[in-house]
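# Okay, here's the prediction I keep looking at, along with the sequence it came from:
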Amino acid sequence: MSNTFLTTDQLAERIQYDPRTIREQLKDSALLEGVHYIRPFGRRKILYIWEAIERDMVASSSNAFGIPMANGGVCNG
């Protein structure tokens, strides 16, 4: 499986966020290590996985009007 790896600046350009916002607010709250980003070779540099971020952005926007349930489902009524 091939993934598209992006730097913080490249991700910021794609999703129209400031790189500082990604580093300080989204990383480790909305973007999780091992799911949305990796640290290659255990180093300081962070590479974001575009496919995982895109998938979760679309999924969260489709659940915007639902009430999250404890079992992971969504109540739309």
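Arrived safely.
# hey, let's count contacts and neighbours off CA atoms from now on
Noted.
# Would you tell me which helix is longest in this protein?
Scanning the chain for the helix with the most residues, using DSSP state H, yields helix 50-62.
# Now do the buried residues in that helix.
Under the neighbour-count criterion of 16 or more other Cα atoms under 10 Å, helix 50-62 has 50, 53 buried.
# Beyond it, next helix or strand please.
Moving toward the C-terminus from helix 50-62, the next helix or strand (DSSP states H and E) is strand 67-68.
# any residues touching stretch 19-34, and which ones?
8-9, 11-12, 37, 53 (Cα atoms under 8 Å, 6 or more residues apart in numbering).
# same thing but at 7 Å, please
8-9, 12 (Cα atoms under 7 Å, 6 or more residues apart in numbering).
# in stretch 12-32, what's buried?
So stretch 12-32, judged by 16+ other Cα under 10 Å, has buried residues 12, 19, 22, 31.
# just to revisit the earlier point, let me have the contacts of stretch 19-34 in JSON lines, extended by pLDDT.
What follows is the contacts of stretch 19-34, written out as JSON lines (pLDDT from 0 to 100):
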{"residue": "T8", "pLDDT": "96"}
{"residue": "D9", "pLDDT": "97"}
{"residue": "A12", "pLDDT": "96"}
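# Fine, thanks again, bye for now.
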